[in-house]
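[1] Have a look at this prediction, sequence included:
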Amino acid sequence: MCAIFERSAFALLCSCAVCVGAAEPKQDDAVAIVLEILRGGDRQMQAAAIAMVKEMPGSDVTVALGKELPNLSAAGQVQLLSALGDRGDAAALPVVVTAAQAKDPSVRIAALRAVGQLGDASSVELLARAAATSAGEEQKAARASLYRLRGADVDAAILAGISKADAKTKIELIGSVGERNIRPGVSALLQTAKDADRNVRIESLRVLKVVAGPEDLPALVELLINAQSSSDRSEAQKTVAAVAHKIQDKGRQAQAVLAVLPSVKEVQNRCALLSVLGKIGDDGALPVLTAALKENNAEVQTAAIRALADWPTAEPAADLLNVAERSDNQVHRILALRGFVHLLGLESKRPADETLAMYKKAMSLSTDTGEKKKVLAGLANTKSAAAMQMAADYLDDETLFEEAGFATVRIAEGIHADFPQQAMGMLKRIVQTAKSDAVRRRAQEAIDGIERPADARGRSSEKENQ
């Protein structure tokens, strides 16, 4: 009986919808019918009624629907809240804000989403606090709405709220500065990056990567020098490097760091600045780093080696090789060798035979199995018959045969087009003699991949001839 009533009511609703904008009573009747359907149990009818709600104009309709919201089931409230949000009528905001405090989590989530559509600067605190005190889908809804709030005063309200908020809410507000790309927020974040709460400091540094510009680099370098902990220091280094990379002239990206480095004598801070030079990768900093290799302090030397090992091009390879060959410090030799091998794998204009000679040098300097495996892993990225043979020379080594096998197979695949007989011969040799089942399978897969296209071309030619 109820279902029959709802369907007949919906028919009347459709009739009323045709008269949208006509006499007021018909619109009131339509609202009443929508509410009756939402109170019922027919989901299909409810979905259709909600669709009609989105098209019914007038703030009086919004207010009437909002008044009935608390009387609906949780499912009905969720549907109506979604419709009220889509209507975009701010007259619904008070009831939506109230619903954001509901006991049912699904209702709170729907209300928070609607606040993002209807809210303004006055909604900032509600959303930030909701994000700070919830988790899961509710937190996602609060954050998404905070990020999408519209209005000329919203950004200003976010910035004004930061200094007054508790730590967790402050973190949400700071995060929204980044998501909304509020560039005037840099000065506020430079202050919160010194906050007593570690999480506030870290979030501030993360967001500064987004909103800070090259003109802010001196202040960011100052934050790095005065970092309160190792985690702060690490995050500050990433921030300085990220903002430095916004400078289009790559030869000027490290200037802010280089400007203060000579006056910094404290070892920890000096090391932090040297490390960030490696992350920036400005070639103008290379003389400073190579000079630091010769300083008397071992920590400073370590920082310089790590910075050169992080370099985005192969240019410092010779400096690292020199350390690996001549340093009296075992740690420095290992770090330099690892960096040297890493740089060998970067794009370079070196002739193939010169690169191969460098890999042989790296292998001769490797004193343990782990380092030799790293060399073979790097060698696998080269493309020359000589490199394939070098990798194959270690196939009988009991400690390296698997890494040597994978490297040989990869090189063979890369050079097959230029050296088909040598590459295929090596792959077949590995299938027959390799000590590792995994390596044999990988070699057979390479053979199959090389032969399959030829078979496919042959079958295609046969079909054309037929």
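    Structure received. Numbers count the residues shown, from 1 in each chain.

[2] what is the rounded mean pLDDT of whatever helix or strand Glu299 lives in?
    In the assignment (DSSP states H and E), Glu299 maps to helix 298-309. Looking at helix 298-309 alone, the average pLDDT works out to 97.

[3] Stretch 334-350 too?
    In the prediction, stretch 334-350 has an average pLDDT of 91.

[4] Tell me the buried residues in it?
    For stretch 334-350, burial by neighbour count (16 or more other Cβ atoms under 10 Å) applies to Ile334, Leu335, Ala336, Leu337, Arg338, Gly339, Phe340, Val341, His342, Leu343, Leu344, Gly345. Bear in mind the C-beta positions are built from the backbone N, C-alpha and C, glycine included.

[5] Now secondary structure and distance to Leu261 too, for the residues you listed, in TSV please.
    Below are the buried residues of stretch 334-350 laid out as TSV (DSSP: H, G, I helix; E, B strand; the rest coil; distance: Cβ to Cβ, whole Å):
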residue	secondary structure	distance to Leu261
Ile334	helix	26
Leu335	helix	21
Ala336	helix	21
Leu337	helix	26
Arg338	helix	25
Gly339	helix	21
Phe340	helix	25
Val341	helix	28
His342	helix	24
Leu343	helix	23
Leu344	helix	28
Gly345	coil	29
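
[6] quick revisit: what's the helix holding Glu299 packed up against?
    helix 267-280, helix 286-292, helix 317-326, helix 330-344 (3 or more Cβ pairs under 8 Å, 6 or more residues apart in numbering; DSSP states H and E).

[7] quick one, what contacts the closest residue to Gly116 other than its chain neighbours?
    Nearest residue to Gly116 in three dimensions, chain neighbours excluded: Ser145, at 2.7 Å (Cβ to Cβ, 6 or more residues apart in numbering). Counting by Cβ atoms under 8 Å, 6 or more residues apart in numbering, Ser145 touches Leu112, Arg113, Val115, Gly116, Gln117, Gly119, Ser123, Leu127.

[8] I'd like the helices and strands packed on helix 298-309 laid out as a markdown table, including distance to Phe419.
    Shown next, in a markdown table, are the helices and strands packed on helix 298-309 (distance: least, Cβ to Cβ, whole Å):
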| stretch | distance to Phe419 |
| --- | --- |
| helix 267-280 | 37 |
| helix 286-292 | 37 |
| helix 317-326 | 27 |
| helix 330-344 | 21 |
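
[9] Check which element follows whichever helix or strand Leu35 is part of along the chain.
    Taking DSSP H and E as the criterion, Leu35 maps to helix 24-39. Next in sequence after helix 24-39, counting helices and strands by DSSP H and E, comes helix 43-53.

[10] I'd like to know which elements that following helix is packed against.
    helix 2-18, helix 24-39, helix 74-87.

[11] Same question for the shortest one: list its buried residues.
    This means helix 74-87. In helix 74-87, counting by 16+ other Cβ under 10 Å, buried: Gly76, Gln77, Val78, Gln79, Leu80, Leu81, Ser82, Ala83, Leu84, Gly85, Asp86, Arg87.

[12] One more: stretch 255-266?
    Quick answer for stretch 255-266 (16+ other Cβ under 10 Å): Gln255, Ala256, Val257, Leu258, Leu261, Val264.

[13] related to what we said a few turns ago, the helix holding Glu299: which residues count as buried?
    Val300, Gln301, Thr302, Ala303, Ala304, Ile305, Arg306, Ala307, Leu308, Ala309.

[14] do stretch 116-131 as well
    Buried-residue list, stretch 116-131, by 16+ other Cβ under 10 Å: 116-121, 123-131.

[15] measure it end to end?
    End-to-end distance for stretch 116-131, by Cα to Cα, to the nearest Å: 13 Å.

[16] what residues does it touch?
    84-86, 88-90, 92-93, 96-97, 100, 108, 112, 115, 138-139, 141-151, 153-154, 156-158, 161, 165, 169, 172-173, 176.

[17] Now the buried members of those residues.
    For the contacts of stretch 116-131, buried by 16+ other Cβ under 10 Å: 84-86, 89, 92-93, 96-97, 100, 108, 112, 115, 138-139, 141-143, 145-146, 148-149, 154, 157-158, 161, 165, 169, 172-173, 176.

[18] could you give the angle of the helix or strand containing the residue nearest to Gly116 to helix 74-87?
    Element membership for Ser145 (DSSP H and E) is helix 136-148. With axes from the mean of the first three to the mean of the last three Cα atoms, to 10 degrees applied, the angle from helix 136-148 to helix 74-87 works out at 10 degrees.

[19] tell me the mean pLDDT over helix 136-148?
    97.

[20] Next secondary structure after it?
    Counting by DSSP H and E, what follows helix 136-148 is helix 154-162.

[21] Need the CA coordinates for the helix or strand following that next one. PDB is fine.
    Following helix 154-162 in sequence order, the next helix or strand is helix 167-179 (DSSP H and E). Taking Å, rounded to 0.1, in the frame of the first residue of the first chain, the C-alpha atoms of helix 167-179 are listed here in PDB:
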ATOM      1  CA  ALA A 167      48.700  21.500  16.900                       C
ATOM      2  CA  LYS A 168      46.500  19.000  15.100                       C
ATOM      3  CA  THR A 169      44.200  21.600  13.600                       C
ATOM      4  CA  LYS A 170      47.200  23.800  12.800                       C
ATOM      5  CA  ILE A 171      48.600  20.900  10.700                       C
ATOM      6  CA  GLU A 172      45.300  20.700   8.700                       C
ATOM      7  CA  LEU A 173      45.300  24.400   8.100                       C
ATOM      8  CA  ILE A 174      48.900  24.300   7.000                       C
ATOM      9  CA  GLY A 175      48.200  21.400   4.600                       C
ATOM     10  CA  SER A 176      45.400  23.400   3.100                       C
ATOM     11  CA  VAL A 177      47.800  26.300   2.300                       C
ATOM     12  CA  GLY A 178      49.600  23.900   0.100                       C
ATOM     13  CA  GLU A 179      46.600  22.300  -1.500                       C
END
